[in-house]
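Participant: Give the three-dimensional model of this entry:
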Amino acid sequence: MAPAVRASMRKALPPPSERSTVLGWLQKNLFDGWANSILTVVALGLILALLRPLFNWALNTARWDVIPANINLIMRGQYPAEQAGRLWIVLILLGFVVGFAWAANSKRIQGELLVVFAIPLLLMLVPFFEGGTRINLLLMEVAALAGYGIGRFVPEKRSNLGIWALLIYAVALFVILRGGSGETGAWAGVPTNLWGGLLLSLLLAVFGIAISFPLGVLLALGRQSKLPAIRMVSVLYIEFIRGVPLISLLFMAQVMLQLFLPDGFPTIDRALRALAAVTLFSAAYTAENVRGGLQSIPRGQYEAADAMGLSTLQSMTFIILPQALRAVIPVLVGQFIGLFKDTSLVALVGLFDLLGIARTILSNPNWLGTHQEVYAFIGLLYWIFSYMMSYTSRRIEASLAVANR
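Facilitator: Numbers count the residues shown, from 1 in each chain. I've put the predicted structure just below:
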């Protein structure tokens, strides 16, 4: 007993005053002994030496006026300016749906919820946004609060209404952005070929992820199937798609997709062809990630499901698949982040996503020599959305205690 007491005394924590202060954290993590202190000082010197030219360029040399002058082009591409009000309708509806779905799923006020609600307010502080933009951001904030207030009245047993709201919103989003069949008026049709910038990149990523995920799950289950025909088709699809680069699928979709459709079928826009290639590509990798999760489930889980009298569909739906998906959350999110960044390849097939818009801006004689500024801002946008996905993944892992089981 005495050795245990002495060991616990040697590992005693410092006083709370030292643990909770900035100085206490610095002493523990950066200046804990002379060796760590020297390494900290040397590292700080190297960081300052590297960052000094960067800060000098960002504050004194860079021509940041290229960003506010082309912010509309970066955000929506060639989407007609007279129809830009639809984009705000979509964003305001997004605020309402997110607030409603969050409240329907959880009645607790969490820190993440406050951060989401603060995003429109923070965007209102951007100095080069016009007054109309700030008003629309305020309307988005009001819609989010209204949706959250309505969602609070949804019973807990009906929390799936939030998922249905998101699915309905996905359909409404496409209808609003696409418009009608006419060429003039408030509801004029806007072909997807004119969608661009951040709008196109996000749509390709979101719809690509949403469609490829269930397809990938079905392919993973098909590869595990005991039926030879289903297993063979799944294996051939997965291995073929994984054996070619995404850019080759994008070119094939642009040139050959229409050939697989029946005669008289309407011509598919280039953006939808790119979405098809991105979806098929992502589904193959999702299938392999899900298959890895399925193989990690102990055989005893299958036997327990059989002992309970569950059918194969019931055991897979309620017991095996939830555990498998939970085990591969980090891998799936990493793949989805990669998919979002891979949407930049559509610029090679003539679509004006973020990267394509950047090239368009740099081809303007008024903005020659602003490559660093434009690509730095585009990279910042990619990082923001990638980090949001990564942060969401960590929160999901923490709520499910993935690392503790």
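Participant: Backbone dihedrals for residue 353, both of them.
Facilitator: When read as degrees, to the nearest 10, the backbone of residue 353 gives phi -80, psi -160.
Participant: Is it bridged to anything, and to what?
Facilitator: residue 197 (DSSP bridges).
Participant: Could I get the contacting residues of it?
Facilitator: 77, 196, 197, 200, 201, 204, 343, 344, 346, 347 (Cβ atoms under 8 Å, 6 or more residues apart in numbering). Just so you know, the C-beta spots here come from the backbone N, C-alpha and C atoms, and that holds for glycine as well.
Participant: since we're on the first one, how many residues are nearby?
Facilitator: The number of residues packed near residue 77 is 23, by other Cβ atoms under 10 Å.
Participant: Apart from its neighbours in sequence, what residue is nearest it?
Facilitator: Distances taken as Cβ to Cβ, 6 or more residues apart in numbering place residue 196 nearest to residue 77, at 1.8 Å, with adjacent residues excluded.
Participant: Based on its surroundings, how many neighbours for the one you found?
Facilitator: So residue 196, with other Cβ under 10 Å, has 26 neighbours.
Participant: Distance check, residue 164 against residue 72.
Facilitator: Here residue 164 is placed at a distance of 33 Å from residue 72 (Cβ to Cβ, to the nearest Å).
Participant: Show me which of these two is the more surrounded one.
Facilitator: residue 72 (16 against 12).
Participant: a strand runs through that one, doesn't it?
Facilitator: No - if the criterion is DSSP: H, G, I helix; E, B strand; the rest coil, then residue 72 is helix and not within a strand.
Participant: Please renumber the chain so that the first residue is 48 from this point on.
Facilitator: Got it, first residue is 48 now, which makes that one residue 119.
Participant: so it touches residue 128, yeah?
Facilitator: Yes - contact criterion Cβ atoms under 8 Å: residue 119 and residue 128 qualify, at 7.2 Å.
Participant: The stretch 298-447 of the chain: helices as residue ranges?
Facilitator: Assigned by DSSP state H, counting those that start in this stretch, the helices in the stretch 298-447 of the chain fall at 317-342, 346-354, 359-362, 368-374, 376-389, 401-409, 418-447.
Participant: next one: the stretch 48-197 of the chain
Facilitator: Counting by DSSP H, counting those that start in this stretch, the helices of the stretch 48-197 of the chain are 49-57, 63-66, 69-76, 81-103, 113-116, 118-123, 132-152, 158-170, 178-198.
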